[in-house]
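> sequence first, then the predicted structure:
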Amino acid sequence: MRVIAKILKWLIALVVVAVVGIGVWLYAAPPAMIRVATGYAAKIVCSNVFIAGRAPDPVLINDVQAPGHPVLRLVDIDVDREAGTVSAALFGLFGESVAASREGLGCAAVPDGDVRAAQTYSLPPAQPRNSDALWPAGNQVAPSQDPALDAILDDPAMTGPGMRAVVVVHNGRIIGERYGEGFGPETPLLGWSMTKSVNAAIIGAAVADGRIELERTGLFELWETDDRDEIALADLMSMSSGLAFNEDYGDVTDVTRMLYLEPDMASFAADKPLVAAIGENFYYSSGTAVMLSRIWQNTFDDPQTALEWPRRALFGPLGMDSAILETDARGTLVGSSYLYATARDWARFGQFMLQGGVWNGNAILPPGYVDWMRDPAPASDGAYGRGQLWLHGPRGTTPEDQHSDTGFTLPADAYWFLGHDGQTTTVVPSANLVVVRMGLTPQKLGYKPQGLVQALVEALE
């Protein structure tokens, strides 16, 4: 019995040592997967608390943990409203990450922990427009009384699981809208990769201002000594640069590392090597969109003036007063992913595109620029436009689904801005129609907004 007792004591001691060792390891050098998880949690909670005014715990549970990686269910958060920060850590102890809020620029992930540096960037609050005017000049809406339209918008199968907002614009007016529980016309919503299309319009405004040309090469000093110096701005716009970038969100990859582990996202993306011929291979890359932001920001001598440009050149003229385009910790606007705006303001952007880049009679984009954006990128097999937009709606996961619209009949001129977890804006010029649909709808749920758009087109004929 004494021998058995000694063995048990040694086993218990070994287990305690192992547990302590693992704890020390997780605390001192947490794996990248844990840091990505905590960085993601801190960033999403921070933006939704300080931009959208939502309560932190429901955001953590519903937006971060429920649809995400199992590791996220083990993450705890701490919100410091006075400091304007959100911290997240595994079990509240390991792999702590922080995100910091800034006036007018939302939140930034701060993987290096330098909150003070990240909070040096800010913008004054946008001045709201006259809310008594009819949309889009103001925020008053005169919805349609058509029962067929109501039937479509009240059908959960049409609006999809996890719907948070649907706005339908026909002939330049909002004719119908619906909101999920806890969301409304004033709630800023994250567009995820719909941001890429807005970033492309911001670049168009810079082209119109004579700041940059689509044919420009020599985009980064880092590229001067190799073939990357031949990459043109237009190659980046069409996702055909030939640069390496892993866009898989299921693990620690280029895209998750860039968004949550790199304080300088643009430098991280620009450091990637060429792996294909320039202009000949299509590869969707959020790193590309962040580089585009840095390129147009670099056309300004004053970094603060660059931060003000989206509001001055696009958001202000369109009345997108809710729009907040967030930066990384080094001041690069995250043109790949991080634009928050109300559904009505996303609809304003869609209507602006439908009008060919003209608003209130003023040409904000160069003549023909929107048509160029919609022109199929040669390397994309007809899937993607030259200007950071999709020429079809969301696809499924099989190769056949990626290249067909089976089961849907949509006008040939329809095009899309698409974002993660079910964010879509559809522009149908021939029907004078814009449809914004936003929510928390992971791809695995199988929802396709093409059915909603098709029903609306048919009802409004």
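Structure's in. What do you need?
> in the chain, which residue is closest to the centre?
With distances taken as C-alpha atoms, centre = their mean, the chain has W192 as the residue nearest its mean C-alpha position (1.9 Å).
> next up, the contacts around the nearest residue to it once chain neighbours are set aside.
Among residues not flanking W192 along the chain, G419 sits closest, at 3.2 Å (C-beta to C-beta, 6 or more residues apart in numbering). From N, CA and C alone the C-beta is placed, and that goes for glycine too. Shown in contact with G419 (C-beta atoms under 8 Å, 6 or more residues apart in numbering): 190-195.
> which among these end up buried?
Applying a neighbour-count criterion of 16 or more other C-beta atoms under 10 Å, the buried members of these are 190-195.
> hang on, the earlier thing: quickly note the distance from the residue nearest to W192 to A157.
Counting by C-beta to C-beta, to the nearest Å, the gap from G419 to A157 is 21 Å.
> what's the answer for D248, then?
D248 is 30 Å from A157, by C-beta to C-beta.
> and for D112?
Taking C-beta to C-beta as the measure, D112 falls 46 Å from A157.
> so which of the two has more stuff around it?
Shown here are D112 and A157; by other C-beta atoms under 10 Å, D112 has more neighbours (15 against 11).
> that older thread, OK, contacts around the residue nearest to the centre of the chain?
By C-beta under 8 Å, 6+ apart, W192 lies in contact with 337, 419-421, 423.
> let me have these in TSV, adding pLDDT, secondary structure and distance to S240 as columns.
What follows is the contacts of W192, written out as TSV (pLDDT from 0 to 100; DSSP: H, G, I helix; E, B strand; the rest coil; distance: C-beta to C-beta, whole Å):
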residue	pLDDT	secondary structure	distance to S240
S337	98	coil	20
G419	97	strand	21
H420	96	coil	22
D421	96	coil	26
Q423	98	strand	24
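> so what's the residue nearest to W192 bridging to?
Each beta-bridge partner of G419 is listed here, defined by DSSP bridges: Q423.
> looking at the contacts of W192, which is nearest Q65?
Distance to Q65 across the contacts of W192 (C-beta to C-beta) is lowest for D421, with 13.6 Å.
> how many neighbours does the closest one have?
Neighbour count of D421, defined by other C-beta under 10 Å: 17.
> please report phi then psi for it.
Note on D421: its backbone torsions stand at phi 60, psi 30 [degrees, to the nearest 10].
> thought it was touching M438?
No: contact between D421 and M438 fails when scored by C-beta atoms under 8 Å: they sit 9.2 Å apart.
> my read: A363 touches Q355, true?
No: A363 lies out of contact with Q355 (C-beta under 8 Å); the separation is 9.9 Å.
> once you drop chain neighbours, what's closest to G39?
Y260 (3.2 Å).
> hang on, the one you found packs against M33?
No: under the criterion of C-beta under 8 Å, Y260 makes no contact with M33, lying 10.6 Å away.
> which one of those two is surrounded by more residues?
Just comparing Y260 and M33: by other C-beta under 10 Å the higher neighbour count belongs to Y260, 23 against 15.
> against V453, how distant is the nearest residue to W390 once chain neighbours are set aside?
What sits nearest to W390 in space, not counting adjacent residues and going by C-beta to C-beta, 6+ apart, is W416, at 4.3 Å. Distance, W416 to V453, using C-beta to C-beta: 9 Å.
> what touches both of the two?
Overlap between the neighbourhoods of W416 and V453 consists of 393, 426, taking contacts as C-beta under 8 Å, 6+ apart.
> mind checking the SS state of the residue nearest to the centre of the chain?
In terms of secondary structure, W192 is coil; the call rests on DSSP: H, G, I helix; E, B strand; the rest coil.
> now do S97
Quick answer, by three-state DSSP: S97 is strand.
> which residues does it form beta bridges with?
For S97, the residues forming beta bridges with it (DSSP bridges) are A88.
> for burial, what's the neighbour tally of R173?
Here the count is done by other C-beta under 10 Å, and R173 has 15 residues near it.
> so who does the closest residue to V252 other than its chain neighbours touch?
Using C-beta to C-beta, 6+ apart and skipping residues adjacent in sequence, the residue nearest V252 is A32, 4.5 Å away. A32 sits next to 252, 257, 261 when contact means C-beta under 8 Å, 6+ apart.
> would you check that the first one makes contact with P30?
No: with contacts counted by C-beta under 8 Å, V252 stays clear of P30, the gap being 11.8 Å.
> between the two ends of stretch 159-178, how far is it?
With C-alpha to C-alpha, to the nearest Å as the measure, the ends of stretch 159-178 fall 9 Å from one another.
> then stretch 126-133?
Length of stretch 126-133, first residue to last, C-alpha to C-alpha: 18 Å.
> what do you get for stretch 239-255?
Between the opening and closing residues of stretch 239-255 we find a distance of 15 Å, counting by C-alpha to C-alpha.
> stretch 112-120 now?
Criterion C-alpha to C-alpha; first-to-last residue distance in stretch 112-120 is 15 Å.
> what lies in contact with it?
Stretch 112-120 is contacted by residues 83-85, 98, 100-102, 108, 110, 263, 329-330 when judged by C-beta under 8 Å, 6+ apart.
> out of those residues, which sit inside strands?
Taking DSSP state E as the definition of strands, the contacts of stretch 112-120 contribute 85, 98, 100-102, 108.
> wait, which of those residues is closest to A244?
A244 lies nearest to A108 out of the ones in strands among the contacts of stretch 112-120, by C-beta to C-beta, at 25.1 Å.
> pull the number of nearby residues for that closest one.
As a burial measure, A108 scores 30 neighbours (other C-beta under 10 Å).
> residue contacts, it?
A108 makes contacts with 43, 99-100, 102, 118, 121, 326-329, as judged by C-beta under 8 Å, 6+ apart.
> what pairs with it across the strands?
Using DSSP bridges, the bridge partners assigned to A108 are A100.
> against Q127, how distant is the closest residue in space to N360 that isn't next to it in sequence?
The shortest distance from N360 to any non-neighbouring residue, by C-beta to C-beta, 6+ apart, is to P317 (7.6 Å). In this view, P317 and Q127 are 13 Å apart by C-beta to C-beta.
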